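**Q** pasting a predicted model and its sequence here:
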Amino acid sequence: MKRIFYICSALAVLAACKEQPKNTTAVTAFVRPEIRDSGRVISFPQDTATLSFFQTEILGMDSVSANFTAPAHVAATVVPSTENTGHNLVLFDDEALTTSYTALIQHQIAINQISNVNIRQKQIDYDRLKDLAEHGAATGKDVLDAQTALAMERTNLQNERAGIIDQEAKLKEAGFDPHTLLNAKAGQVWITCDVPESQLNKLKVGGVASVHFTSFPDETFQGRIESFGDVVDDVTRMVKMRISLNNSQNRFKAGMFASVSFGLSEGKLLSIPQSSIVTVQGRNYAFVQDSVNVFERREIISGQQIGERIVIFNGLQPGDKVVTKGAIQLKGLSFGY
């Protein structure tokens, strides 16, 4: 009986061992986020716990006071000409603009010469020979030659006018008015900067701008907004703005770096937390949550800091869901570090 009992006990132990489940630990494979469009778009798996780490806020327009500050530079200076008292010299920091301005003057001189001298003289010659031919004192060939010479001068005038239009377009694209350049007075400089399209309604010709030069860090100069460019950049949505500044003491040189600021205290502006902004190679970015698991990188142009928030002038819109926590982590994924 004891032997049978031992055998039954052993079988019971074996059966119990077979029924005992294996002690295994479930391993979930890590799924990396998908990076697209050179890091601009980041997609996470929808079921990942990582998504709960990010926090966002929906942007709205708030009433805040701010100063818009933009990098600028001295694009041109006006100095007296020792050779031609009729025109002052405009010295640009851009060789291409110097070429366009020089060509503009040459076309103007040629137009005056052709209009006031050449065409008038050719017209007189043609009328005289036509009159002589009617009285038998000139041949038909003489009249035809005079008519051809007059037509050639008129063609030259059209060519010069076409050339001046081309140079005017290049100067206007850079923020300069050709007529203002040709009539510029010595002792002034022009500063150019880019301003967001969205802020044009707050800036007016004749308005005052504060100018700070790298060369004179302890001084502030007051300039006058003179004009806005006629072209909006289709990528950055920025517009060229030109500011005039007195330079009677010849302190400012073409090519000098500066910054300009404008008070924009009226109206409602966008602002985001300081933690939402990341900077790479001098450019500022923020991340917007497009959907539950997709984040998009946006380049922004920021303004004044008010408390813990930064005024945003370009790159974000009301209703955008901007990341307020986790921007540094998205920066690493977006830029690869």
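**A** Everything's here; your move. All of these numbers come straight from a predicted model, not from anything done at the bench.

**Q** can you point out the buried residues in the helix or strand harbouring residue 149?
**A** Assessed by DSSP states H and E, residue 149 sits inside helix 140-173. Within helix 140-173, the residues scored as buried using 16 or more other CB atoms under 10 Å are 142-143, 146, 150, 153, 156-157, 160, 163-164, 167-168, 170-172. Glycine gets a C-beta too; all of them are placed from N, C-alpha and C.

**Q** next: stretch 236-243.
**A** In stretch 236-243, counting by 16+ other CB under 10 Å, buried: 238-243.

**Q** show me where the stretch 1-150 of the chain has its strands.
**A** With DSSP state E, counting those that start in this stretch as the definition, the stretch 1-150 of the chain shows strands at residue ranges 34-36, 41-43, 55-58, 62-63, 67-79, 89-92.

**Q** residue 203: which of those strands is closest?
**A** strand 67-79 (8.4 Å; CB to CB).

**Q** and the closest residue to residue 51 other than its chain neighbours, how far from residue 323?
**A** Leaving out its chain neighbours, the residue that sits closest to residue 51 by CB to CB, 6 or more residues apart in numbering is residue 44, at 5.7 Å. Residue 44 is 12 Å from residue 323, where distance means CB to CB, to the nearest Å.

**Q** more neighbours, these two?
**A** Set residue 44 next to residue 323 and count neighbours by other CB atoms under 10 Å: residue 323 wins out with 25 against 19.

**Q** so that one makes contact with residue 56?
**A** Yes - the pair formed by residue 323 and residue 56 meets the contact definition of CB atoms under 8 Å, at 5.4 Å.

**Q** who touches both of the two?
**A** Taking CB atoms under 8 Å, 6 or more residues apart in numbering as the contact rule, residue 323 and residue 56 both touch residue 289.

**Q** list the contacts for residue 275?
**A** When contacts are counted by CB under 8 Å, 6+ apart, residue 275 touches 324-325, 327.

**Q** assign it to helix, strand or coil.
**A** helix (DSSP: H, G, I helix; E, B strand; the rest coil).

**Q** try the one 10 residues further on
**A** Per three-state DSSP, the secondary structure class of residue 285 is strand.

**Q** nearest to residue 311, of the buried residues of stretch 236-243?
**A** Closest to residue 311, out of all of these and judged by CB to CB, is residue 238, at 16.6 Å.

**Q** residue 232 is in contact with the closest one, correct?
**A** Yes - taking contacts as CB under 8 Å, residue 238 lies within contact range of residue 232: 7.3 Å.

**Q** tell me, what's touching those two both at once?
**A** residue 197.

**Q** mind jotting down where the helices sit in the stretch 1-150 of the chain?
**A** Ranges of helices within the stretch 1-150 of the chain are 2-19, 95-113, 119-134, 140-173, based on DSSP state H, counting those that start in this stretch.

**Q** contacting residues for the residue most central in space within the chain?
**A** Nearest to the geometric centre of the chain sits residue 238, at 4.2 Å (CA atoms, centre = their mean). Contact analysis of residue 238 by CB under 8 Å, 6+ apart lists 194-197, 232, 314.

**Q** ok, of the buried residues of stretch 236-243, which one's closest to residue 221?
**A** Closest approach to residue 221 among the buried residues of stretch 236-243 (CB to CB): residue 243, at 9.9 Å.

**Q** relative to helix 140-173, how tilted is whichever strand or helix holds that closest one?
**A** Assigned by DSSP H and E, residue 243 belongs to strand 238-246. If you take axes from the mean of the first three to the mean of the last three CA atoms, to 10 degrees, strand 238-246 sits at 90 degrees to helix 140-173.

**Q** helices or strands next to the helix or strand just after strand 238-246 in the packing?
**A** The first helix or strand that comes after strand 238-246 along the chain, using DSSP H and E, is strand 257-263. Helices and strands touching strand 257-263, by 3 or more CB pairs under 8 Å, 6 or more residues apart in numbering; DSSP states H and E, are strand 67-79, strand 188-196, strand 208-213.

**Q** off-centre distance for the helix or strand residue 299 falls within?
**A** Using DSSP H and E, residue 299 falls within strand 294-306. Here strand 294-306 is found 15 Å from its chain centre; the criterion is CA atoms, centre = their mean, to the nearest Å.

**Q** adjacent strands (with direction) for the next helix or strand after it?
**A** Per DSSP H and E, the first helix or strand lying C-terminal to strand 294-306 is strand 309-314. Using DSSP bridges, strand 309-314 pairs in its sheet with strand 268-273 (antiparallel), strand 294-306 (antiparallel).

**Q** much appreciated, bye for now.
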